[in-house]
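K.L.:
here are the coordinates; sequence isn't available:
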């Protein structure tokens, strides 16, 4: 699920695109996989004294329900010196679930609550 077309951004941060290996619909984007990926890239702390690299991170390019084609970019991974990159790729590859059918989308509004008293 990895595009090898990486490129460099300012401040020595490199970027790698994670791409879809099949066509379908984004069924799930696992938030824990995204968060732990950022942590492993250096965007989190193990202790109070650990430094945080504010240049690293993950940019999700799709959301649940979006149609994708094989090769479409699912996420951009911003890393420095490949620190934690392999782990982030593995987590994100499992975190984006693509299915042939789209997920059931919950209604935007469940009910309207009014303060009007009869």
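P.N.:
Noted; the coordinates are in hand. Please read all numbers here as calculations on a predicted model, not as lab measurements.
K.L.:
from residue 47, how far out is residue 85?
P.N.:
In this view, residue 85 and residue 47 are 22 Å apart by CB to CB, to the nearest Å. Placement of C-beta: from N, CA and C, glycine included.
K.L.:
so between those two, which is more surrounded?
P.N.:
Using other CB atoms under 10 Å, the more surrounded residue of residue 85 and residue 47 is residue 85, with 20 against 5.
K.L.:
do I have it right that the more buried one meets residue 37?
P.N.:
No: counting by CB atoms under 8 Å, residue 37 is not a contact partner of residue 85; they are 9.4 Å apart.
K.L.:
quick one: the helices in this structure?
P.N.:
Applying DSSP state H to the chain gives helices spanning 31-38, 85-95.
K.L.:
in CSV, list those helices along with mean pLDDT.
P.N.:
Converted to CSV, the helices of the chain look like this (pLDDT from 0 to 100):
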stretch, mean pLDDT
helix 31-38, 96
helix 85-95, 95
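K.L.:
for the residue nearest to residue 101 when sequence neighbours are not counted, name its beta-bridge partners.
P.N.:
Leaving aside its sequence neighbours, residue 101 sits nearest to residue 25 (CB to CB, 6 or more residues apart in numbering; 6.5 Å). Counting by DSSP bridges, residue 25 is bridged to residue 67, residue 99.
K.L.:
how near is residue 25 to residue 115?
P.N.:
Per CB to CB, residue 25 is found 39 Å from residue 115.
K.L.:
neighbour count for those two, which is higher?
P.N.:
The neighbour comparison of residue 25 against residue 115 (other CB under 10 Å) goes to residue 25, with 17 against 4.
K.L.:
show me what contacts the more buried one?
P.N.:
Residues in contact with residue 25 (CB atoms under 8 Å, 6 or more residues apart in numbering) are 65-68, 98-103.
K.L.:
could you turn the buried ones of those into a PyMOL selection?
P.N.:
Listed next is the PyMOL selection for buried residues among those, using 16 or more other CB atoms under 10 Å:
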select buried, resi 68+98
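K.L.:
how many neighbours does the residue nearest to residue 66 when sequence neighbours are not counted have?
P.N.:
Nearest residue to residue 66, sequence neighbours excluded (CB to CB, 6+ apart): residue 26, at 4.7 Å. Using other CB under 10 Å, residue 26 has 23 neighbouring residues.
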